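S.K.: need a 3D model of the sequence below.
(one chain, ligands or ions: 1)
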Amino acid sequence: MDLPEPSPEARQHSERVAARVRDEIAAAGGWLPFSRYMELVLYAPGLGYYSAGARKLGRDGDFTTAPEISPLFGAALAHAAAEVLATGCDAILEVGAGSGALAAAMLAELERIGRVPREYLILELSADLRERSRDTLAARVPHLLDRVAWLNRLPPAFEGLVVGNEVLDAMPVEIVRVTDAGVEQAGVVVTAGALAWGWRPAPPDLRDEAERLALPPGYTTEIGLVARAFIRALGAALARGVALFIDYGFPEREFYHPQRAQGTLMCHYRHRAHGDPFFLPGLQDVTAHVDFTAIARAARAAGMDVLGYTSQAQFLLGCGLTDLMLRIPPEDPARYLPQAAAAQKLVSPAEMGELFKAIALGKRYAGPLAAFAAGDRTASL
Ligand SMILES: C[S@@+](CC[C@H](N)C(=O)[O-])C[C@H]1O[C@@H](n2cnc3c(N)ncnc32)[C@H](O)[C@@H]1O
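M.R.: Numbering: from 1, shown residues only. Just a heads-up that it's a prediction; the model follows:
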């Protein structure tokens with residue numbers, strides 16, 4: 001693969017991650033489910049991609065997310081947040097806040113419109129990113145820092161808005177393939193000292209899921225059991241309010257389309273995307289697209305309603321992105337042009353506008369949400 005060479009220190013780090021994986025494979029008798037491999041290479045404390053010191057997000061990292069592209073994204077989300085906060089829920093909980101860019105942009109806009117929440121909680125698995133988000137908030141909204149708190153687990157009986165951008169795709173997935181002999185589950189083995197795929201007959205839950213989806217022989221795909229479990233836990237933790245997730249993915253019918261017979265697993269290393277999860281373990285991101293039908297199903301089973309589902313473009317326009325753009329004077333091209341380009345990237349169907357979706361899940365929350373008033377696609381789930 002033609003990918004940039006890591007520094008000698010980075011390569012050594014990756015070798016330590018691979019050694020940890022090999023130890024765990026040996027302890028497990030020679031085979032680890034792919035989801036456990038993904039969890040280790042992304043989140044093993046001090047070792048995993050998100051848990052160790054790599055830059056990860058932004059221009060100098062491996063990939064760029066919407067909040068890193070422009071504060072317009074967070075400013076738009078602040079308007080959806082304000083609608084929920086106006087119903088008497090006075091807190092925001094952000095899951096997987098990364099660098100803190102979304103938190104800073106949302107808080108700044110909420111302050112501008114006079115709707116700063118009593119508290120802004122951040123649930124982030126990575127200790128490294130918890131520190132980074134603290135630094136971002138201290139630099140961008142220092143006077144609001146006392147409202148921000150970092151959590152290690154979902155708070156019980158939370159009332160307010162839960163928000164997560166590109167967090168569901170970062171949760172470990174299982175991989176299955178359909179063969180003439182039945183459904184198999186992907187795992188990781190060591191072959192001649194190297195990490196490699198190892199396939200086993202799938203356990204009943206994965207086999208039933210592949211059969212329910214009627215996947216044809218030859219089809220390989222991911223099943224996001226961790227994201228579903230997370231949504232169920234969220235349904236139990238949310239006493240009242242709305243959970244809003246934005247991510248790339250599709251409804252079930254499109255996700256398990258013949259076009260995607262090799263699945264959606266994707267790795268990002270220095271702004272190049274490729275499909276080999278064993279390349280430099282610990283130095284690259286590993287992700288899969290989100291099956292939003294499965295998310296909606298898990299949410300409903302956990303007592304939540306689907307309040308809306310649409311494309312990122314439609315959602316951001318519904319949040320007032322156009323009005324936010326109008327605030328930037330076009331006669332100041334140094335400010336206007338980069339933000340116009342960023343807005344275009346966020347909403348263009350050829351970029352993030354159509355592949356990314358927004359889903360809103362509600363618990364004891366009556367109203368429709370304005371951001372989904374036009375172009376709601378809940379019926380497609
Ligand atoms: C792709 S990054 C996105 C970061 C940020 N939301 C953004 O849009 O720039 C995924 C983030 O989710 C976090 N994460 C993944 N699973 C999580 C979980 N179960 N709870 C909390 N954070 C999680 C990762 O540590 C990482 O910060």
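
S.K.: helices and strands of this structure: which one bottoms out on pLDDT?
M.R.: Every helix and strand in the chain was compared by mean pLDDT, DSSP states H and E; the lowest is strand 272-274, with a mean of 89.

S.K.: touching the ligand at all, whichever helix or strand comes after that strand?
M.R.: Per DSSP states H and E, the first helix or strand lying C-terminal to strand 272-274 is strand 285-287. No. Judged by CB under 6 Å from any ligand atom, strand 285-287 stays clear of the ligand, getting no closer than 6.7 Å. Heads up, the C-betas are built off the backbone N, CA and C, glycines and all.

S.K.: tell me what strand 285-287 is packed against?
M.R.: Helices and strands touching strand 285-287, by 3 or more CB pairs under 8 Å, 6 or more residues apart in numbering; DSSP states H and E, are helix 34-43, strand 266-269.

S.K.: what strands flank that strand, and is each parallel or antiparallel?
M.R.: With DSSP bridges as the test, strand 285-287 is paired with strand 266-269 (antiparallel).

S.K.: coming back round to it: which one, of the helices and strands packed on strand 285-287, ends up nearest to the ligand?
M.R.: Shortest distance between the ligand and the helices and strands packed on strand 285-287, using CB to the nearest ligand atom, is found for helix 34-43: 6.8 Å.

S.K.: average pLDDT across the closest one?
M.R.: Throughout helix 34-43, pLDDT has a mean value of 97.

S.K.: cool, stretch 180-196 as well?
M.R.: The pLDDT scores in stretch 180-196 average 96.

S.K.: who touches Trp340 in this structure?
M.R.: Check again: residue 340 is Ala, not Trp. Going by CB atoms under 8 Å, 6 or more residues apart in numbering, Ala340 touches 325, 328.

S.K.: what helix or strand is it on?
M.R.: Taking DSSP H and E as the definition, one finds Ala340 inside helix 333-347.

S.K.: return the set of buried residues in that helix.
M.R.: 339-340, 342-343, 345-347 (16 or more other CB atoms under 10 Å).

S.K.: output these in CSV, with pLDDT and distance to the ligand appended to each entry.
M.R.: Converted to CSV, the buried residues of helix 333-347 look like this (pLDDT from 0 to 100; distance: CB to the nearest ligand atom, whole Å):
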residue, pLDDT, distance to the ligand
Gln339, 94, 18
Ala340, 94, 21
Ala342, 96, 14
Ala343, 96, 17
Lys345, 97, 14
Leu346, 97, 12
Val347, 97, 16
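
S.K.: go through the least confident helix or strand of the chain and flag the buried ones.
M.R.: Buried, per 16+ other CB under 10 Å, within strand 272-274: nothing.

S.K.: on that earlier part again, can you redo the buried residues of helix 333-347 as TSV with distance to Thr221?
M.R.: Shown next, in TSV, are these (distance: CB to CB, whole Å):
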residue	distance to Thr221
Gln339	38
Ala340	38
Ala342	33
Ala343	34
Lys345	28
Leu346	28
Val347	29
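
S.K.: rewinding a little: after the helix holding Ala340, next one along is what?
M.R.: According to DSSP H and E, the helix or strand after helix 333-347 is strand 356-363.

S.K.: put the alpha carbons of that following strand into PDB.
M.R.: Extracted C-alpha coordinates of strand 356-363, given in PDB (Å, rounded to 0.1, in the frame of the first residue of the first chain):
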ATOM      1  CA  PHE A 356     -24.000  11.800   6.600                       C
ATOM      2  CA  LYS A 357     -27.400  11.600   8.300                       C
ATOM      3  CA  ALA A 358     -28.900  13.000  11.500                       C
ATOM      4  CA  ILE A 359     -31.200  11.000  13.700                       C
ATOM      5  CA  ALA A 360     -33.100  12.300  16.700                       C
ATOM      6  CA  LEU A 361     -34.400  10.000  19.400                       C
ATOM      7  CA  GLY A 362     -36.800  11.300  22.000                       C
ATOM      8  CA  LYS A 363     -37.800  10.200  25.500                       C
END
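
S.K.: name the helices or strands packed onto it?
M.R.: Strand 356-363 packs on helix 225-237, strand 238-250, helix 292-301, strand 305-311, helix 312-318, going by 3+ CB pairs under 8 Å, 6+ apart.

S.K.: Leu77: which of these is closest?
M.R.: Between Leu77 and the helices and strands packed on strand 356-363, the tightest spacing by CB to CB is seen for strand 238-250, at 7.5 Å.

S.K.: alright, that wraps it up for me.
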